[in-house]
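> Generate a structure from the sequence data that follows.
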Amino acid sequence: MSNNTRTIGFIGAGNMPQSILGGMIKGGYPASSIIVSNPSRPKLDMLEEKYGIVTSQDNHEIAAKADVIVLSVKPQLMRDVCEDLQQNVPNLDKKLIITIAAGLRMDSYYEYFSKDIALVRVMPNTPSLVGEGVSGLVADTNTTNADRDFVTQVFDYVGITIWLEDEDAIDVLGAVAGSGPAYFFEFMHSLQRAAEDLGFDSEQARAMVQQTCLGAAKMASESELSLVDLRKQVTSKGGSTAKGVEVYQQAELNKISKRAVEAAVARNQEMAKLF
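Below you'll find the model as predicted:
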């Protein structure tokens, strides 16, 4: 573990912050340096019991104690939470602020806090819940190299981190990595249905599909070959796999994926305007 240890305070205790702090502790980050606030007690009691961390129902208390504040509340609640912190917590401009809320652009936080804050916007995806996530990150010019190293350290505990040049790239990353699990689940379900239509029961079909997906992903992650070359390795000329792949190619799968990503990007941009 890096020696870059700071007191990190999570405002909000939903599934994503739970997965992040759980990954941090599993990776060796000291539980004594992780603090969490949430409006109701049940989640806090569970986190205290499971991880031995300090919790509070008071956002002010957690934000005041933290060197790094992770804003993990719903986007529609973010203005009220941030403006309340700005009015009641001193020295926010001396702290690093991380937001993992979807849709809200960095300019919104500058408006909410009315301060020259150091801000990193992070777009994690749901596989972070099982330690296999992709997190896209953008930092503003007020952050230091040490700040960025720290944020990389935090999100590497739950997957991989990709630093981006600007917020527009987050919209694209969200459309690929953020929405991507749904695309894969849709495809997996279609394969499961095909197996069921040809005689397998649903339990057998699902087990076959999900293990095949897991195995293919593991092969891709451990190989230096391109995805095209990996596909070619499995595809004997004139064989059954070639016939199946041919159907996908005839349906122009590349164009379908591009349209899906472009539609998701457009919606991300629309939602950013709503907030």
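
> Give me the residues contacting stretch 146-162.
Here stretch 146-162 makes contact (CB atoms under 8 Å, 6 or more residues apart in numbering) with 1-2, 4, 6, 8, 19-20, 23-24, 26-27, 29, 68, 96, 98, 118, 120, 122, 124-125, 127-129, 131-137, 139, 163, 173. C-beta here means a position set from N, CA and C on the backbone, and glycine is covered the same way.

> Whichever of those end up buried, select them in ChimeraX.
The buried residues among the contacts of stretch 146-162 can be selected in ChimeraX (16 or more other CB atoms under 10 Å) with this line:
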select :6,8,19,20,23,24,29,68,96,98,118,120,122,124,125,127,128,129,133,134,135,136,137,139,173
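
> Out of the contacts of stretch 146-162, which sit inside helices?
If you go by DSSP state H, those have S19, I20, G23, M24, K26, L173 in helices.

> ok, now how distant is the third one from V138?
So that's G23. 21 Å (CB to CB, to the nearest Å).

> Could you do G27 as well?
23 Å.

> Am I right that A272 is in a helix?
Yes - under DSSP: H, G, I helix; E, B strand; the rest coil, A272 falls within a helix.

> per-residue confidence at it?
You'll see A272 listed with a pLDDT of 78.

> Check G14 too.
For G14, the model assigns a pLDDT of 94.

> check contacts around it.
With contacts defined as CB under 8 Å, 6+ apart, G14 is in contact with K43, S72.

> i'd like the first residue to be 488 from this point on
Taking 488 as the first residue, the last one we looked at is G501.

> Give me the phi and psi angles of it.
The phi/psi pair for G501 (degrees, to the nearest 10) reads phi -80, psi -170.

> gap between it and A669?
To A669, G501 is 19 Å away according to CB to CB.

> Ok, L579 next?
In terms of CB to CB, L579 sits 36 Å off from A669.

> In terms of packing, which of these two has more residues around it?
Higher neighbour count among L579 and A669: L579, with 20 against 12, using other CB atoms under 10 Å.

> Contact partners for S595?
S595 is in contact with M565, R566, F762, counting by CB under 8 Å, 6+ apart.

> Find the residue closest to the second one in space, skipping its chain neighbours.
In this structure, R566 finds its nearest non-sequential neighbour in Y599, 5.6 Å apart by CB to CB, 6 or more residues apart in numbering.

> isn't the one you found right up against Q573?
Yes - counting by CB atoms under 8 Å, Q573 is a contact partner of Y599 at 6.7 Å.

> higher neighbour count, those two?
More crowded of Y599 and Q573, by other CB under 10 Å: Y599, with 20 against 16.

> That one in helix, strand or coil?
helix.

> dump the residue contacts of it.
By CB under 8 Å, 6+ apart, Y599 lies in contact with M565, R566, C569, E570, Q573.

> how close does it get to L714?
For Y599, the distance to L714 - CB to CB - is 41 Å.

> How about T492?
Going from T492 to L714 by CB to CB gives 38 Å.

> higher neighbour count, those two?
Taking other CB under 10 Å, T492 and L714 do not tie; T492 has more neighbours (14 against 10).

> so the more buried one makes contact with S520?
Yes - with contact defined as CB under 8 Å, T492 and S520 form a contacting pair (5.6 Å).

> For this structure, which residues score under the pLDDT cut-off?
For the chain, the stretches with pLDDT under 70 are 488-490.

> List the contacts of the residue nearest to the spatial centre of it.
Nearest to the geometric centre of the chain sits P611, at 1.4 Å (CA atoms, centre = their mean). Residues in contact with P611 (CB under 8 Å, 6+ apart) are M503, I507, I587, G620, V621, S622, F642, V645, G646.
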